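Asker: Can you look at this prediction? I've put the sequence above it.
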Amino acid sequence: MADSPTPDLPRLLPDAVHRSVKPGTALLRLETARAREGILDGAWWPRSRDIGAELPSLISALTEHLGPVTRVGLDGSAWDGLPTRVMVDGRVVHIDSFPVGDDTVLITRGDRDHFSLMVVPPDASPDAARAAMARAVRADNVTEARQILIETGSDTPPAPA
């Protein structure tokens, strides 16, 4: 693999992408080089805390871009009914429970390629979620997921109508 991002991949996603983001969307900055500038490789906004319902579509989307995903690490206390493995597109993906916080999910491709995605809470308002995801996918981002969620208001549910 090259030590720099693929030239045809933008460093930031176009504004139109951020406007259309809705729950269940994964916005990704996928750099497989060893030297990554940002601390997050992307963001995910699940629709619920039901990992069995949410994880397969994320893994399928990631597999399209990364190749086979072998492991997913997340904070088991942040999700409902955490299995030890899931079957996605005919492949077994192992689930590891770590106290990483409910704001991050760790994706492993192969043995050594790791990707860190910020998890936007399912009940975040659309504007706050979009702002958080836009910050997470910046190539020069050095802010941790928890802080991005706090600063964008994504860690608090939207006010009732």
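Answerer: Nice, thanks for sending it over.

Asker: For residue 95, what is the enclosing helix or strand?
Answerer: strand 91-97 (DSSP states H and E).

Asker: Pull out the buried positions in that strand.
Answerer: Going by neighbour count (16 or more other C-beta atoms under 10 Å), the buried part of strand 91-97 is 93, 95. Where C-beta positions appear, they are placed from N, C-alpha and C, glycine not excepted.

Asker: try stretch 68-77
Answerer: Here stretch 68-77 shows 69, 71, 72, 73, 74, 75, 76 as buried, counting by 16+ other C-beta under 10 Å.

Asker: pretty sure the last one contacts residue 97?
Answerer: Yes - the pair residue 76 and residue 97 qualifies as a contact (C-beta atoms under 8 Å) at a distance of 3.4 Å.

Asker: what are the ranges of the strands in this protein?
Answerer: Taking DSSP state E as the test, the strands found in the chain are 25-28, 42-45, 69-74, 85-88, 91-97, 104-109, 113-119.

Asker: mind saving the C-alpha coords of the fifth one as PDB?
Answerer: Put plainly, it is strand 91-97. The C-alpha trace of strand 91-97 is given here as PDB (Å, rounded to 0.1, in the frame of the first residue of the first chain):
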ATOM      1  CA  ARG A  91     -18.500 -14.300   6.600                       C
ATOM      2  CA  VAL A  92     -18.000 -14.500  10.400                       C
ATOM      3  CA  VAL A  93     -17.100 -11.200  12.100                       C
ATOM      4  CA  HIS A  94     -15.900 -11.400  15.700                       C
ATOM      5  CA  ILE A  95     -17.200  -8.900  18.200                       C
ATOM      6  CA  ASP A  96     -14.900  -7.800  21.000                       C
ATOM      7  CA  SER A  97     -16.200  -5.900  24.000                       C
END
